[in-house]
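>>> please work out how this folds:
(chains A and B, ligands or ions: 3)
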Amino acid sequence: MLRPLTSHIREDRRPLSLKEYEKLGGYEAVRKVFKSMTPQAVQQLVKDSNLRGRGGAGFSTGLKWSFVPLDAPQPKYLICNADEMEPGTFKDRLLLESAPHQLIEGMILAAFAIQADTSYVFLRWAYKDAAKAIIHAIHEASDAGYLGDNILGTDFSLHMHLHTGVGRYICGEETALLNSLEGKRATPRSKPPFPQVSGLFGKPTIVNNVETLSCLPHIVNYGADWFQKLSRTGDAGTKIYGVSGKVKRPGLWELPMGVTLRELLEDYAGGMWDGHTFRGALPGGASTDFLVEQHLDVKMDYGSVAAAGSRLGTGTVIVLDDKTSVVGFVKNLIHFFAQESCGFCTPCREGLPWIEKILHALENERGQRGDLKILEQHTRLLGPGNTFCALAPGAMEPLQSALKYFRKDFEQYIAAYATPCRSGLMNR
Amino acid sequence: MLTKEEQHEIDEAIRIVPYKQAACIEALKIVQEHRRWISDESLADIAQYMEMSTAALDSVATFYNLIFRKPVGRHVILLCDSISCYVLGYEKLSAYIKQNLKIEYGGTSSDGRFTLLPNPCLGTCDHGPALMIDNDLYRDVTVEQLDNIFNKYE
Ligand SMILES: Cc1cc2nc3c(=O)[nH]c(=O)nc-3n(C[C@H](O)[C@H](O)[C@H](O)COP(=O)(O)O)c2cc1C
Ligand code: SF4
Ligand code: FES
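Ligands and ions are numbered 1, 2, ... in the order given. This is a model prediction of the structure:
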C-alpha cells in the first residue's frame, strides 16, 4: 500500500532535515516544474489529478486556483491553513511536525501555479514543535535557494513566513484567517469578492490546507493518473484518517481514499474498548453529521459519506460509545461552537448559547415539553443560508443527526410533560 | 514604554507585512511573552507604537482567547475540554485541579503559581485527555499523574 505523504515519517516523528528529504527525492518536483512546466500546466495537472481540498470542504484544488488572475501585478499570496482547531482533528499536526519540507515544497508548487510571491503558514498557537520544525525548514530551504529571490536561478521568487495564531477556531475559516493575518478581529468576510481575486490585503490569494499542499509534490512527480489510482474510489489520492474515542488503538493512518468506516474502526483502531459498544461516529470532526451502525460499510470518501447524509470533513473520526451520554456529547460540541462563534451574526451568536442551555437542562433532567422542537427549529434557523459563515451550519450537523438517530436519549430527560413550554417559538 | 528588546522584535514583525497595524497581533503576542499578560498600560504602549487607538487595539486583543487582558499566574494550565477528551474523561482532571489548586476556570492559585483555563481541542485527540502547561504538552493524562506534573513548575 502506497503512503506517499507519510511513509518517510520516522517512528519518533522527528522531522527530516533538508539533506535527508533531498535524498528521498525531495524538491525534485520543484526542479521539474521550473524546468519544464508553465503555471497553467501545473494547474491543469492538479485539476486532472482530481485533488480535493483536505481542509473540510473538499473543493477541487486545481479549479480553485484557476480563479486567480495570473497576470495581476504582485503581490499575490499563497497561504497554508495550519490552524487545525476542529475538535477531534489531529492530522495536520503530524505533517507539520514531521514533514515540514514536504509542505514547503507543496507550497512552492502552489505558489508557482498561481504566481504568488509571498506566502504565510498560519499555524495554531498550540503546535509548538510544529512551529520549530517549520521555522527551521524555512531557513534550510532559503539557504539552499528553494525560497527567496530567483529560486534556482529562475525569475520566480517566493518569500515564506510563519504566523502563529492566538487561539480562535474561526481563524480557520479562510476569510476570517485573512482578517486575522491583517491584524484584525477574525470575523469572516462576505463573498464575493472571493479571496482568489481580492484576498489578503486586497490582493489575489489562495488558502489551502496542510494536507492538500502536502499532496502536490507527489502529483507533480508521479502524475495525475497515479494519484487517482492511489484511491479505491472516484475521489483521488490517499487520505490521512484518524480515530479517537474509546477504541483500543486510537491514531492516524494514511490509507487509500475510500476505505470503509468499519475497516477504520476495526482493522486500524482495533475495535471498541472491552465492555463498550459502538453507537455512532462523527466521520470528519465536530461539524459533521453522525453515522451509525447501518453506515459502517460506507466508503470514507467525499461522495459516499455525503450520500450517507454526512460529510467526510477532515476524515478524523470521533467515536460515540454506549457508556457516554449522547446529550452530554452533543452539549460538549455545542459549547465549543457557542464559545468560538465570532459573534458577527445573530442566529449563531444567540442561537448556540440557547441550544447549549436547553441541552444543559436536559442533561440535568430538567427538560421541558417543547425543548426538542426548539432544538429542531434551531437546526433550521442556523442551517445553511441563514448565517454568515459555515460555523453555525457545521454546529447543527451533529445536533440534527443526534436528534434523528438518538431521539430517545433526548426524550428520556423530558420528565414533566405537563409543564408549560419554554417559549413562544413553539407555536410558529 | 516598550523595552528596546520588545521594540526590536515588533519591528521584525512589521518588516514582513505591508503596513504597521497588520502586525498588531504579533505585537500583542511579543509583549505578552515578556510580561505574561497585557495590562491597560501595556496596551496603551503597544497602541502608540503601532499608531493605533487603544480602543482599536483592545477590540483585537479581547477577540483572541490567548491574549490575556487579566493577570495570570507564573504558569498557565490549558486543559482540553473538547469532544475526544470529554469522552475520555477530562472532567475528572478538571475536578481534581479545581479542588487541589482551589481555583475555578479563569482563576489563579493564591500563591500565584497557576492559572487554569479550559481550551478547545489541543490536536492530540488520540492521546486524550490532554493539557498544556505553558509550552509543554501532556497527553494520556490521569488524575494520579497530576501532582507530579505540577511539581515541575515553580
Ligand atoms: C469555522 C471553520 C473553521 C475552519 N477551520 C479550518 C482549519 O482549521 N484548517 C483548514 O485547513 N480549513 C479550515 N476550514 C476550511 C477553510 O475555510 C478552507 O475551506 C480551507 O482551508 C481550504 O483549503 P483546502 O481547499 O485545501 O481544503 C474551516 C472552515 C470553517 C467554516
Ligand atoms: S456563523 Fe457564527 S462564526 Fe460565522 S460569521 Fe456568523 S457569528 Fe461568526
Ligand atoms: S479533543 Fe482534546 S485534544 Fe482533541
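>>> so the longest helix seen in chain A, near ligand 1 or not?
Ranked by residue count under DSSP state H, the longest helix found in chain A is helix A:346-363. No: against ligand 1, helix A:346-363 shows no contacts by CB under 6 Å from any ligand atom, the least distance being 10.3 Å. Just so you know, the C-beta spots here come from the backbone N, C-alpha and C atoms, and that holds for glycine as well.
>>> send me that helix as PDB with only the CA atoms.
Only the C-alpha atoms of helix A:346-363 are listed here, as PDB (Å, rounded to 0.1, in the frame of the first residue of the first chain):
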ATOM      1  CA  THR A 346     -27.400  36.900  15.200                       C
ATOM      2  CA  PRO A 347     -28.600  33.300  14.600                       C
ATOM      3  CA  CYS A 348     -25.200  31.900  15.500                       C
ATOM      4  CA  ARG A 349     -24.400  34.300  18.400                       C
ATOM      5  CA  GLU A 350     -27.700  34.000  20.100                       C
ATOM      6  CA  GLY A 351     -28.800  30.500  18.900                       C
ATOM      7  CA  LEU A 352     -25.900  28.500  20.000                       C
ATOM      8  CA  PRO A 353     -26.000  29.600  23.700                       C
ATOM      9  CA  TRP A 354     -29.700  28.900  23.700                       C
ATOM     10  CA  ILE A 355     -29.200  25.400  22.400                       C
ATOM     11  CA  GLU A 356     -26.500  24.900  25.000                       C
ATOM     12  CA  LYS A 357     -28.900  26.000  27.800                       C
ATOM     13  CA  ILE A 358     -31.500  23.500  26.700                       C
ATOM     14  CA  LEU A 359     -29.000  20.700  26.400                       C
ATOM     15  CA  HIS A 360     -27.700  21.600  29.800                       C
ATOM     16  CA  ALA A 361     -31.200  21.500  31.200                       C
ATOM     17  CA  LEU A 362     -31.800  18.100  29.600                       C
ATOM     18  CA  GLU A 363     -28.600  16.700  30.900                       C
END
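>>> OK, contacts around the residue sitting nearest the centre point of chain B?
Centroid-nearest residue in chain B: B:L66, 4.4 Å away (criterion: CA atoms, centre = their mean). Applying CB atoms under 8 Å, 6 or more residues apart in numbering or on different chains, one finds that B:L66 lies in contact with A:125, A:166-167.
>>> got the contact list for the longest helix of chain A?
With CB under 8 Å, 6+ apart as the criterion, helix A:346-363 contacts A:325, A:327-328, A:330-331, A:334-335, A:337-338, A:341, A:343, A:367-368, A:371, A:374-375, A:378, A:381-382, A:386-388, A:391-392, A:395, A:399, A:410, A:413-414, A:422.
>>> any buried residues in it, and which?
A:347-348, A:351-356, A:358-359, A:361-362 (16 or more other CB atoms under 10 Å in any protein chain shown).
>>> could you look up the SS state of the residue nearest to the centre of chain B?
coil (DSSP: H, G, I helix; E, B strand; the rest coil).
>>> look up how far B:V72 lies from it.
Using CB to CB, to the nearest Å, we find B:L66 at a distance of 10 Å from B:V72.
>>> now swap in A:E376 and tell me
Distance from A:E376 to B:V72, by CB to CB: 41 Å.
>>> neighbour-wise, which of those two wins?
B:V72 (17 against 14; other CB atoms under 10 Å in any protein chain shown).
>>> leaving out sequence neighbours, find the closest residue to that one.
B:T115 (4.1 Å; CB to CB, 6 or more residues apart in numbering or on different chains).
>>> over to A:V326?
A:D409 (4.0 Å).
>>> what's near enough to touch the one you found?
With CB under 8 Å, 6+ apart, A:D409 has these contacts: A:325-327, A:402.
>>> and chain B, what are its domains?
If you go by automatic domain parsing, the domain ranges for chain B are B:4-63, B:75-150.
>>> so which of these gets nearest ligand 2?
Ranking the domains of chain B by proximity to ligand 2 (CB to the nearest ligand atom) places domain B:4-63 first, at 11.3 Å.
>>> buried sites along stretch B:118-134?
Across stretch B:118-134, burial judged by 16+ other CB under 10 Å covers B:118-133.
>>> who's in contact with the spatially most central residue of chain A?
Centroid-nearest residue in chain A, with CA atoms, centre = their mean: A:G55, separated by 2.9 Å. A:G55 makes contact with A:81, A:172, A:208-209, A:211-212, A:314, according to CB under 8 Å, 6+ apart.
>>> just for chain A, where's the confidence low?
Along chain A, the parts satisfying pLDDT under 70 run over A:415-428.
>>> strands of that one, start to end?
Along chain A, counting by DSSP state E, strands occupy A:77-82, A:118-123, A:159-164, A:205-209, A:238-244, A:251-256, A:278-282, A:291-292, A:316-321.
>>> so which of those gets nearest ligand 3?
Per CB to the nearest ligand atom, nearest to ligand 3 of these: strand A:238-244, 6.9 Å.
>>> is the closest one anywhere near chain B?
Yes: judged by CB under 8 Å from any CB of the partner chain, strand A:238-244 and chain B are in contact via A:242-244.
>>> out of the residues you listed, who has the most neighbours?
Busiest of the residues of strand A:238-244 next to chain B [other CB under 10 Å] is A:S244, holding 29 neighbours.
>>> residue contacts, it?
Applying CB under 8 Å, 6+ apart, the residues contacting A:S244 are A:88, A:90, A:250, A:316-319, B:84, B:87, B:125-126, B:128.
>>> that one and B:T124, how far apart?
9 Å.
>>> overlap in contacts, these two.
A:F90.
>>> how much space is there between A:G58 and A:A99?
22 Å.
>>> among those two, which residue is more densely surrounded?
A:A99 (26 against 20).
>>> which ones are touching that one?
A:5-6, A:8-9, A:15-16, A:214.
>>> between the residues you listed, which is nearest ligand 2?
Closest to ligand 2, out of all of the contacts of A:A99 and judged by CB to the nearest ligand atom, is A:S214, at 27.4 Å.
>>> just give me the neighbour total for that closest one.
28.
>>> next: B:K70.
10.
>>> for A:L375, same thing?
So A:L375, with other CB under 10 Å, has 22 neighbours.
>>> I'd guessed it sits against A:A402; true?
No: between A:L375 and A:A402 there is no contact under CB atoms under 8 Å: 9.3 Å.
>>> which neighbours do those two share?
A:F410.
>>> report the separation between the residue nearest to the centre of chain A and B:Y86.
From A:G55 to B:Y86 the distance is 24 Å (CB to CB).
>>> what does A:S180 give?
For A:S180, the distance to B:Y86 - CB to CB - is 27 Å.
>>> in three-state terms, label B:L137 for me.
Per three-state DSSP, B:L137 ends up strand.
>>> what sits against it?
With CB under 8 Å, 6+ apart, B:L137 has these contacts: A:126, A:128, B:122, B:124, B:130-131.
>>> could you dump the residues you listed to TSV with distance to ligand 1?
Below are the contacts of B:L137 laid out as TSV (distance: CB to the nearest ligand atom, whole Å):
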residue	distance to ligand 1
A:A126	12
A:K128	17
B:L122	13
B:T124	15
B:A130	17
B:L131	21
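>>> burial of the residue lying closest to A:L216 once chain neighbours are set aside, as a residue count?
What sits nearest to A:L216 in space, not counting adjacent residues and going by CB to CB, 6+ apart, is A:G106, at 4.0 Å. As a burial measure, A:G106 scores 29 neighbours (other CB under 10 Å).
>>> ok, now the one 4 residues further on?
Other residues near A:A110 number 25, with proximity taken as other CB under 10 Å.
>>> any idea how far B:G73 is from it?
Computed with CB to CB, the distance linking A:A110 and B:G73 is 42 Å.
>>> what of A:D92?
Taking CB to CB, one finds A:D92 at 31 Å from B:G73.
>>> between the two, which is the more surrounded one?
A count of neighbours by other CB under 10 Å puts A:D92 above the other of A:D92 and B:G73, at 30 against 21.
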